[in-house]
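> have a look; sequence and predicted model below, questions after that.
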Amino acid sequence: MSDADAQHRAGIAMIVAAAVAWSTAAFFTRLLHFDSWTILFWRGLFGGGAIALFLLASQGRRGARDLVAMPASGWLVAGLSTFGMVTFIPALQLTSASNIAVIIAMQPFAAAAIAWIWLRERARPTTLLASLVAMAGVAITVSGAGGVADYRGIGLALVMILAIALMTVVIRRHRDTPMIAAAALSNFLGSAVSIPFGHGIAAVTAADLGVLALFGVCQVGLGLTLFTVGSRHLPSGEASLIATIETPLMPFWVWLAFHEAPSGHALLGGALVIGAVIADITAGMRAPPADQ
């Protein structure tokens, strides 16, 4: 096996592991019986600390400089990421993991729409068609909502993907943004804004801290680290395609641990959305470069 093949396989393994790590968000949220602000505070501390340590270990003084001398674009990325965090956790507490997973899978299409409006980036016809199919999937999922809490959770999830989609476009617009440093900062910002609202911050037990540490270090820190390193060995389209396994895995862990079965609407809507995402990414990988 050549070095290139070995690096490619290692990249695939790391992206798969990153998607598995990211998919545990709903599982950890179900384990913790605290208000969302308390969870955000401790998750942010552990997640931000893990990312900062990775940054310092991998980039040394440059990483430390990125943390303390963040450019304006980095603060914007961190702020949007923080906004996404403070809507994500309560959304998971209000509605099913399957509903949230379906909404999250829509994020690439939301980013494409924002890029078209802001940067005038033309979307491929396949992306437009896939967006329509994905929107139909979300509509089917929302139509199965069972009450006010479900609608509030789905609404918060929609706000979250808009924030993350906008963050993605900002990163594309400002390619020199120190993304890893901004991710660490966003976690610390999430902790800071949670302090006035968290009712159980001082009430967590040692066992709770263990779960919160795993939540922050594994789901946030390890997920980002594995994706960052693994994506260096793969084309971006292939990395994005592999990362879509987060969508079916998120409700799977919750079903396995808590017997939270997805509704028929969520299964049908999710199948449409994930199918649209895979089809669009595959078409993008096959498309010739723009300069050809």
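Ah, there it is.

> now tell me what touches stretch 5-14 from outside.
Applying C-beta atoms under 8 Å, 6 or more residues apart in numbering, the contact partners of stretch 5-14 are 226-227, 229-234, 238-239, 242. (Glycine included, C-beta is placed from N, CA and C.)

> possible to save these as JSON lines with neighbour count?
JSON lines is the format used below for the contacts of stretch 5-14 (neighbours: other C-beta atoms under 10 Å):
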{"residue": "Leu226", "neighbour count": "21"}
{"residue": "Phe227", "neighbour count": "20"}
{"residue": "Val229", "neighbour count": "16"}
{"residue": "Gly230", "neighbour count": "23"}
{"residue": "Ser231", "neighbour count": "19"}
{"residue": "Arg232", "neighbour count": "11"}
{"residue": "His233", "neighbour count": "19"}
{"residue": "Leu234", "neighbour count": "19"}
{"residue": "Glu238", "neighbour count": "18"}
{"residue": "Ala239", "neighbour count": "21"}
{"residue": "Ile242", "neighbour count": "22"}
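
> quick one: which of those sit in helices?
Residues of the contacts of stretch 5-14 located in helices (DSSP state H): 226-227, 229-230, 238-239, 242.

> save those as JSON lines, and put in distance to Ala10 too.
Compiled in JSON lines, the ones in helices among the contacts of stretch 5-14 are given as follows (distance: C-beta to C-beta, whole Å):
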{"residue": "Leu226", "distance to Ala10": "11"}
{"residue": "Phe227", "distance to Ala10": "13"}
{"residue": "Val229", "distance to Ala10": "9"}
{"residue": "Gly230", "distance to Ala10": "7"}
{"residue": "Glu238", "distance to Ala10": "13"}
{"residue": "Ala239", "distance to Ala10": "13"}
{"residue": "Ile242", "distance to Ala10": "13"}
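
> thinking again about what came up before, and of the contacts of stretch 5-14, the nearest to Ile281?
Compare each of these with Ile281 using C-beta to C-beta and the shortest gap goes to Glu238, at 8.3 Å.

> the residue lying closest to the closest one once chain neighbours are set aside: how many residues sit nearby?
Excluding its sequence neighbours, the residue lying closest to Glu238 (C-beta to C-beta, 6 or more residues apart in numbering) is Met285, at 6.6 Å. Neighbour count of Met285, defined by other C-beta atoms under 10 Å: 13.

> what pLDDT does Asp291 get?
pLDDT for Asp291: 46.

> right, I'll call it a day here.
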